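**Q** no sequence for this one, just the structure:
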């Protein structure tokens, strides 16, 4: 049989792929590499298995399916979010920075923020971020119900903003495609009849200004100021 024959000396020896010890940690590490390059849609059990020089079936002993793998990836990203030492006198500043840092961490990994839309991240690192958020709001005197609901509302805002930011970044990679779309949108707005859309047209110079970061921080200010209006602690304006 052919495999019993020696290799001819003039052939380049075939290199055996280096196989890493398979574990949940190794699978997540490999999946993170795929995520950075291809986003969530590129992450599959088969694709990650290829990165690990193994078969997809071997991954299922450590990770149930792609959904669980994406949850693990999200929690790995959440571990990169710096958590402040809560200070009641600086709760507004600290909670704002926490949410800014959360968005920045999510955007470093393409569209991973999609994993937080329509589901509740329950990994230990994601829970620590939520715990710190709730603690800061409670220390600031935000009422319990408002603090509890705001964790969900702000989480949606941060995640949606990160998803939109990742989509824009991918468009910008497409040889100025986003610049063309932005210009076309401005031209469309400028052509709107002022008699039918008077308010829209009058605000047109303001509607298209500002960077993504400036607009995101503006939204955070609205949310934090609203919570501060309910708060009874330091920095609050409530009764």
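**A** Here it is on my side, so go on. Small disclaimer: the values here were computed from a predicted structure and weren't measured.

**Q** Please make it C-alpha for all contacts and neighbour counts, starting now.
**A** Will do.

**Q** Can you say which helix or strand has residue 54 in it?
**A** Per DSSP states H and E, residue 54 falls between elements, in no helix or strand.

**Q** for residue 189, that is, sorry about that
**A** helix 177-190.

**Q** List the buried residues in the helix or strand just after that helix.
**A** In the C-terminal direction, the helix or strand that comes right after helix 177-190 (DSSP H and E) is helix 198-202. Using 16 or more other CA atoms under 10 Å as the test for burial, helix 198-202 gives residue 201.

**Q** pLDDT averaged over helix 198-202 - what is it?
**A** Averaging pLDDT along helix 198-202 gives 93.

**Q** Touching it from outside, list them.
**A** 189-190, 192-194 (CA atoms under 8 Å, 6 or more residues apart in numbering).

**Q** For the chain, which helix or strand comes out least confident on mean pLDDT?
**A** When each helix and strand of the chain is scored by mean pLDDT, DSSP states H and E, helix 177-190 comes last, with a mean of 78.

**Q** And residue 176, what's its pLDDT?
**A** 56.

**Q** what sits against residue 204?
**A** Neighbours of residue 204 in contact, by CA under 8 Å, 6+ apart: 189-190.

**Q** Look up how far residue 198 lies from it.
**A** Applying CA to CA, to the nearest Å, the value for residue 204 to residue 198 is 10 Å.

**Q** Pretty sure residue 43 sits against residue 34.
**A** Yes. Counting by CA atoms under 8 Å, residue 34 is a contact partner of residue 43 at 6.1 Å.
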